[in-house]
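>>> using only what follows, build the 3D model:
(2 chains)
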2 protein chains.
Amino acid sequence: MSFYESIDRACELNGSMVCVGLDPVLEKLPDHLVKIPGSILEFNKAIIDSTKDSVCAYKPNAAFYEQYGIGGIKVLHETISYIHKVAPEVVVILDAKRGDIGNTSKAYAKAAFEDMDADAITLAPYMGSDSLGPFFEYYDKGCIVLCRTSNPGGADLQNLETGGIPFYEVVAKKCAEWNTNNNICLVVGATVPEELKRVREIVGDEMPFLVPGIGAQGGDPKAVIDNGRGNGKNNLMVNSSRGILYASAGEDFADAARQKAIELKDKLNSLL
Amino acid sequence: MSFYESIDRACELNGSMVCVGLDPVLEKLPDHLVKIPGSILEFNKAIIDSTKDSVCAYKPNAAFYEQYGIGGIKVLHETISYIHKVAPEVVVILDAKRGDIGNTSKAYAKAAFEDMDADAITLAPYMGSDSLGPFFEYYDKGCIVLCRTSNPGGADLQNLETGGIPFYEVVAKKCAEWNTNNNICLVVGATVPEELKRVREIVGDEMPFLVPGIGAQGGDPKAVIDNGRGNGKNNLMVNSSRGILYASAGEDFADAARQKAIELKDKLNSLL
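From the prediction side, this is the model:
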């Protein structure tokens, strides 16, 4: 099955374009949990159990696990295994923004796709085609390339003009060219809807976008749907992290997360 | 001590601008070593013991350890600890090309500088200032930003023109602006000497460059010295990985590595 088919299946199965960012920090765990890395696994499992029929993807960000050292990285591995076990059709995106020279990217691809068994990874494009190629070669895995990010500094370089268009549009065009295995996706933030629209026009309706930036960062779900889908279907994975994970600091955190995930799912579906 | 002072001290101590890239792969370990991740630690220790008086820096690349899972990552941690123990003045660069939104970069910085105790990290600039800021705040740690990389695909995006100059020059200019803590360095490859010269002109003589691309990639040591130093001193860390690590596949690998490191050190010094 191609990666695009995996996303399509996950979106159809749960009728959802919600991606939950699993970015846990000890200080924000529910009050009753001991603040040690092992508790993150317990926390993640409860979040996964309560939301797994309402999402198309989970997106653990490597940084949040690496910051707790070897113990944290073990939790990342175990979290991915757990998702595959209890929700085998839901896509696991390792959010890692990797990218390096060819033989090094090959090692990163092996780490993400073979050792950790992620279904997809996020990638930074600055080092060019041969830094991304080793990931693209895994034709059934997703390669989600940073195009236009939702953070304030995203504009620093991405919006500089080159050849009459902003830099992020060049990245979109190149990704469309490189997409011979139909496994390239793009990160396009929700915060500037016109840019989302422009990237969709460039790459056509099929390529899935991972869309961060709704919720805390201020992106509007309606603008995402109106500008991000084109005439496509199941081509958006709309990420929410903190808004779902930390919906409650009480023992009801998993139920509260479920409510927030369903709310977002329904909200997005109502806009179709 | 500022990071620039740390580099200066390391270069002076050993009279060397050589950085050894610790990028081990099991298949290339000496013939007599068992091909398991644990052997990589033994290999690294022997390389470090034999070269520690001839280099200014070691640069383990995270990918090569992550590809072997938790066991590999443990070896990375232990390698960094070992360098600090036996060569406390030599700088440890975690080559990781990290960069993410603000709170995520903060977690990566914590992982690299606190948990792993690296002295410096390599960073990808695509996400802009707020993705790099959390690293810059560690004023005594080095933040080595990708500017012009030596791989063939490096030109894909980095050489696109914007505002009359190539993109990589914009990155150099921005890094010079952002460098309020005197801890920003740049990655500038050896393969195109004119570009090395141009970046040096932009940022002035003080900012250290990490220079990959000599040896296997074809960069010329003389061109690096002539174009990369300007009127500065101890502002270059010239990387070699495979040429030193795999100088011999026999039981004499550490001695052979030492010879290659000294040859490169002497070669570079002879060009001053």
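>>> look up how far B:Gly153 lies from whichever residue of the stretch 1-150 of chain A sits closest to chain B.
Closest residue of the stretch 1-150 of chain A to chain B, CB to the nearest CB: A:Gly128 (2.8 Å). To be clear about C-beta, it is placed using only N, CA and C from the backbone, and glycine gets the same treatment. Per CB to CB, to the nearest Å, A:Gly128 is found 3 Å from B:Gly153.
>>> kindly report the same for A:Thr149.
Applying CB to CB, the value for A:Thr149 to B:Gly153 is 21 Å.
>>> so which of the two has more stuff around it?
A:Thr149 (26 against 20; other CB atoms under 10 Å in any protein chain shown).
>>> my guess is the more buried one contacts A:Val187. True?
Yes: contact status for A:Thr149 versus A:Val187: in contact at 6.2 Å, counting by CB atoms under 8 Å.
>>> give the residues shared as contacts by these two.
By the contact definition CB atoms under 8 Å, 6 or more residues apart in numbering or on different chains, A:Thr149 and A:Val187 are jointly contacted by A:Pro212.
>>> which one is whatever residue of the stretch 151-272 of chain A ends up closest to chain B nearest to, not counting chain neighbours?
As assessed by CB to the nearest CB, chain B sits closest to A:Gly153 within the stretch 151-272 of chain A, at 2.8 Å. Counting by CB to CB, 6 or more residues apart in numbering or on different chains, A:Gly153 lies nearest to B:Gly128, which is 2.8 Å off, once chain neighbours are set aside.
>>> counting neighbours, what do you get for that neighbour?
By other CB under 10 Å, 21 other residues sit near B:Gly128.
>>> for A:Met1, same thing?
Using other CB under 10 Å, A:Met1 has 8 neighbouring residues.
>>> check contacts around it.
A:Met1 makes contact with A:9, A:140 under the criterion CB under 8 Å, 6+ apart.
>>> and it, how close does it get to A:Ser81?
As judged by CB to CB, A:Met1 and A:Ser81 stand 20 Å apart.
>>> follow-up on the earlier one: list the residues that contact the residue of the stretch 151-272 of chain A closest to chain B.
B:127-133.
>>> please apply the same query to A:Asp140.
A:1-3, A:6, A:183.
>>> do the same with A:Ala109
A:121, A:134-135, A:137-138.
>>> element containing it?
helix A:102-109 (DSSP states H and E).
>>> partner strands of the next helix or strand after that helix, parallel or antiparallel?
Moving toward the C-terminus from helix A:102-109, the next helix or strand (DSSP H and E) is strand A:120-123. Partner strands for strand A:120-123, per DSSP bridges, with pairing direction: strand A:91-98 (parallel), strand A:142-148 (parallel).
>>> outside of the longest one itself, list whatever touches it.
Contacts to strand A:91-98, defined as CB under 8 Å, 6+ apart, come from residues A:6-7, A:10, A:19, A:21, A:56-62, A:80, A:83-84, A:105, A:108, A:112, A:116-124, A:135, A:142, A:144, A:146, A:210, A:237, B:63, B:97-100, B:124, B:127.
>>> ranges for the strands of the stretch 51-200 of chain A?
For the stretch 51-200 of chain A, applying DSSP state E, counting those that start in this stretch gives strands covering A:57-60, A:91-98, A:120-123, A:142-148, A:161-162, A:165-166, A:184-188.
>>> tell me which of the ones you listed lies nearest to B:Lys267.
Closest to B:Lys267 of those is strand A:91-98 (CB to CB; 33.2 Å).
>>> what's the spacing between A:Gly218 and A:Val192?
A:Gly218 sits 10 Å away from A:Val192, going by CB to CB.
>>> ok, A:Asn183 next?
26 Å.
>>> more neighbours: the two, which one.
Just comparing A:Asn183 and A:Val192: by other CB under 10 Å the higher neighbour count belongs to A:Asn183, 23 against 19.
>>> now do the same for the closest residue in space to that one that isn't next to it in sequence: its pLDDT.
Closest residue to A:Asn183 apart from its sequence neighbours, by CB to CB, 6+ apart: A:Phe3 at 4.2 Å. Looking at A:Phe3, its pLDDT stands at 96.
>>> show me what contacts A:Phe3?
Residues in contact with A:Phe3 (CB under 8 Å, 6+ apart) are A:119-120, A:139-142, A:182-183, A:185.
>>> residues contacting A:Asp266?
Contacts for A:Asp266 were tallied using CB under 8 Å, 6+ apart; there are none.
>>> buried set for the helix or strand hosting it?
A:Asp266 belongs to helix A:253-270 when assigned by DSSP H and E. Across helix A:253-270, burial judged by 16 or more other CB atoms under 10 Å in any protein chain shown covers A:253-254, A:256-265, A:268.
>>> do me a favour and average the pLDDT over that helix.
For helix A:253-270, mean pLDDT rounds to 98.
>>> would you put the C-alpha positions of it in PDB?
Extracted in PDB, the C-alpha atoms of helix A:253-270 (Å, rounded to 0.1, in the frame of the first residue of the first chain):
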ATOM      1  CA  PHE A 253      -7.600  14.000  31.300                       C
ATOM      2  CA  ALA A 254      -8.100  11.200  28.800                       C
ATOM      3  CA  ASP A 255     -11.900  11.800  28.700                       C
ATOM      4  CA  ALA A 256     -11.300  15.500  28.300                       C
ATOM      5  CA  ALA A 257      -8.800  14.800  25.500                       C
ATOM      6  CA  ARG A 258     -11.400  12.600  23.800                       C
ATOM      7  CA  GLN A 259     -14.000  15.300  23.900                       C
ATOM      8  CA  LYS A 260     -11.500  17.900  22.400                       C
ATOM      9  CA  ALA A 261     -10.500  15.500  19.600                       C
ATOM     10  CA  ILE A 262     -14.100  14.700  18.800                       C
ATOM     11  CA  GLU A 263     -15.000  18.400  18.800                       C
ATOM     12  CA  LEU A 264     -12.200  19.200  16.400                       C
ATOM     13  CA  LYS A 265     -13.000  16.200  14.200                       C
ATOM     14  CA  ASP A 266     -16.700  17.300  14.000                       C
ATOM     15  CA  LYS A 267     -15.800  20.900  13.500                       C
ATOM     16  CA  LEU A 268     -13.600  20.100  10.600                       C
ATOM     17  CA  ASN A 269     -16.100  17.700   9.100                       C
ATOM     18  CA  SER A 270     -18.900  20.200   9.400                       C
END
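>>> okay then, goodbye and thanks.
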